[in-house]
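Visitor: with the sequence up front, the predicted model follows.
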Amino acid sequence: MKKYKGHKAENREQNSRRTFIKKTALAAGLISIIPRRVMGQGFVAPSDKINLGYIGLGKQGGILGERFVSNTNVQIVAGSDVWTAKRDWFKGVIESSYAEKRRVSKYNGVTTYLNYKELLEQEGIDAVVIATPDHWHAIQSIHAMKAGKDVYCEKPMTNTIDDGRKMVDAKEKYERVLQVGSMQRSWDRFRKAHEIVSTGKLGDITKVLVNVGDPYRAYDLPAEPTPEGVDWNLWCGPAPLLSYHNTIAPEVVKSYPAWRDFKETGGGILSDWGTHMFDIAQWCLGMDKTGPVSFIPPKDSKAVRGLRMFYENGIEMVHEDFGRKWAVRFIGTEGTMDVSRGFIETTPTNILVPNSGVPKELFKDQGNHYQNWLDTIKTRKEPICSVETGHRSATICNVANIAYELGRPLEWNPEKEKFKDDAQANKMRKRKRRKY
């Protein structure tokens, strides 16, 4: 629940918020003091809106902008990015969308910042959406929560185990709401998968196959001239100061940048998609607050599939390509189930569709992961994918990467979040942050 600060402190906060809202509304050519009775039914007063700031204005930031721009209970008022071009692009897209939807010739209500810390200083901003590369997630999320903002953090939540636990602790300390962008938990297809496994319709689960991409690799791209318009030192931030290459940080984003592939900035596609698919396995198995206790990598040190993981109850989970692209296969004593974004199928078929007259296409609604976050900002309840859940799913990916890199079996204690009798692996739970 929100921690109340007393009438004086609360009044100061409200006055500051009103001042920010008034300035934003005036900049947009609007009048913030129109009585709601004049505006008619359905009008949301500016003081009742959730004001959003965005940190990271590239491809995913733009996609997440679209998720909120149509919501009348939300106002996107600020954005931050180290690229001048991306700040200008985001501002233009959001303001044009608002102008079109509100049928005004011009909307001027989005302020942009080079440094995200300036955005967080704005007390009128209620919550932030963080869509930066993975190596920034923990620092920016913790700073946002300390500044009194609720957070939507893209997945993977972190690229180190230690950062994930720090985010969990910060959420509790600052009493904030944090939703992780593992939005498959809101999809009807995956909710159906959860219902099938958790109610025992497959019998006892003995094995789970998860196919996602390759583990991380050390950054190895050749240096290119750093273009104008980007603060490259700030882009790297706490990571090592990498040489610039356009594939990891293009000025014009047409596809997802390749920073995801590298240890310094991401976790490989193993982590990028693993925090979707291992997350579904965790959820269906009822393991959201724990994880596997044993990780056994393949004998071939160059292999990018074949890691075996075992839960304490004996269930085996394998990072394996079983021929259905990025997907999860649950193997039980009474049947099997394959699920991905494109399908959900069971053997026998009547596990999924007891009545043959009900089409499988029924299970395709994607829900609204984003509205769920907004709802929990108001109710102060836990969102669909909480910070603890996001941390546990990211931990599987982070431990898996460590196991592939070291090439030896690891025993993991999910309660203590430590490796047993392996000092080198334990050092890899966190990384030294560069001063930038």
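Guide: Perfect, thanks for sending it.

Visitor: please save the CA atoms from stretch 302-310 in CSV.
Guide: Included here for stretch 302-310 are C-alpha records, laid out as CSV according to Å, rounded to 0.1, in the frame of the first residue of the first chain:
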residue,chain,number,x,y,z
LYS,A,302,30.6,-25.1,-28.3
ALA,A,303,27.0,-26.4,-28.1
VAL,A,304,24.2,-23.8,-27.9
ARG,A,305,21.5,-26.2,-26.9
GLY,A,306,21.3,-29.2,-24.6
LEU,A,307,21.5,-27.6,-21.1
ARG,A,308,19.6,-29.7,-18.6
MET,A,309,18.0,-28.3,-15.5
PHE,A,310,16.4,-30.1,-12.6
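
Visitor: buried ones in it?
Guide: For stretch 302-310, burial by neighbour count (16 or more other CB atoms under 10 Å) applies to 304-305, 307-310. Heads up, the C-betas are built off the backbone N, CA and C, glycines and all.

Visitor: just how off-centre is stretch 67-86 within its chain?
Guide: Relative to the mean C-alpha coordinate of its chain, stretch 67-86 is positioned 17 Å out (CA atoms, centre = their mean, to the nearest Å).

Visitor: ends of stretch 364-382, how far apart?
Guide: Taking CA to CA, to the nearest Å, stretch 364-382 runs 25 Å from one end to the other.

Visitor: and that stretch, average pLDDT?
Guide: For stretch 364-382, the per-residue pLDDT values average out at 96.

Visitor: go on, stretch 289-301?
Guide: Mean pLDDT, computed over stretch 289-301, is 98.

Visitor: buried set for it?
Guide: Of all the residues in stretch 289-301, those buried under the rule 16+ other CB under 10 Å are 291-298.

Visitor: from start to finish, how long is that stretch in a straight line?
Guide: End-to-end for stretch 289-301, by CA to CA: 31 Å.

Visitor: re earlier: show me the buried residues of stretch 289-301 that map onto strands.
Guide: Counted as lying in strands by DSSP state E, out of these, are 294-296.

Visitor: would you turn those residues into JSON lines with distance to residue 260?
Guide: Conversion of those to JSON lines gives the following (distance: CB to CB, whole Å):
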{"residue": "294", "distance to residue 260": "27"}
{"residue": "295", "distance to residue 260": "21"}
{"residue": "296", "distance to residue 260": "25"}
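
Visitor: what is the nearest of these to residue 220?
Guide: Using CB to CB, the shortest approach to residue 220 within these belongs to residue 295, at 24.8 Å.

Visitor: what's the following helix or strand after the worst-scoring helix or strand of the chain on mean pLDDT?
Guide: Across the helices and strands of the chain, the lowest-confidence element by mean pLDDT, DSSP states H and E is helix 36-39, at a mean of 32. In the C-terminal direction, the helix or strand that comes right after helix 36-39 (DSSP states H and E) is strand 50-55.

Visitor: helices and strands around that next one, which ones?
Guide: helix 7-27, helix 59-69, strand 74-80, helix 116-120, strand 127-130, helix 369-379 (3 or more CB pairs under 8 Å, 6 or more residues apart in numbering; DSSP states H and E).

Visitor: elements contacting the last one?
Guide: What that stands for is helix 369-379. Packing partners of helix 369-379 (3+ CB pairs under 8 Å, 6+ apart): strand 50-55, helix 59-69, strand 150-153, strand 178-180.

Visitor: which stretch among those comes nearest residue 93?
Guide: Closest approach to residue 93 among these is made by helix 59-69 (6.6 Å; CB to CB).

Visitor: list the buried residues in that closest one.
Guide: Neighbour counts using 16+ other CB under 10 Å place 59-62, 64-65, 67-69 of helix 59-69 among the buried residues.

Visitor: ok, stretch 156-169 next?
Guide: Taking 16+ other CB under 10 Å as the neighbour-count basis, stretch 156-169 is seen to contain the buried residues 156-161, 163-168.

Visitor: tell me how far residue 125 lies from residue 167.
Guide: The span separating residue 125 from residue 167 equals 19 Å under the rule CB to CB, to the nearest Å.

Visitor: same question, residue 356
Guide: If you go by CB to CB, the gap between residue 356 and residue 167 works out to 46 Å.

Visitor: ok, residue 367 next?
Guide: From residue 367 across to residue 167, the span is 24 Å (CB to CB).

Visitor: check residue 58 too.
Guide: With distances taken as CB to CB, residue 58 is found 21 Å from residue 167.

Visitor: same deal with residue 153?
Guide: Separation of residue 153 from residue 167 (CB to CB) stands at 8 Å.

Visitor: now the common contact residues for these two.
Guide: Jointly contacting residue 153 and residue 167 under the rule CB atoms under 8 Å, 6 or more residues apart in numbering are 137, 141, 178.

Visitor: show me the chain divided up by domain.
Guide: Using automatic domain parsing, the domain ranges for the chain come out as 7-183, 188-217+265-365+390-420.

Visitor: those: lowest mean pLDDT?
Guide: By mean pLDDT, the lowest-scoring of the domains of the chain turns out to be domain 7-183, with a mean of 84.
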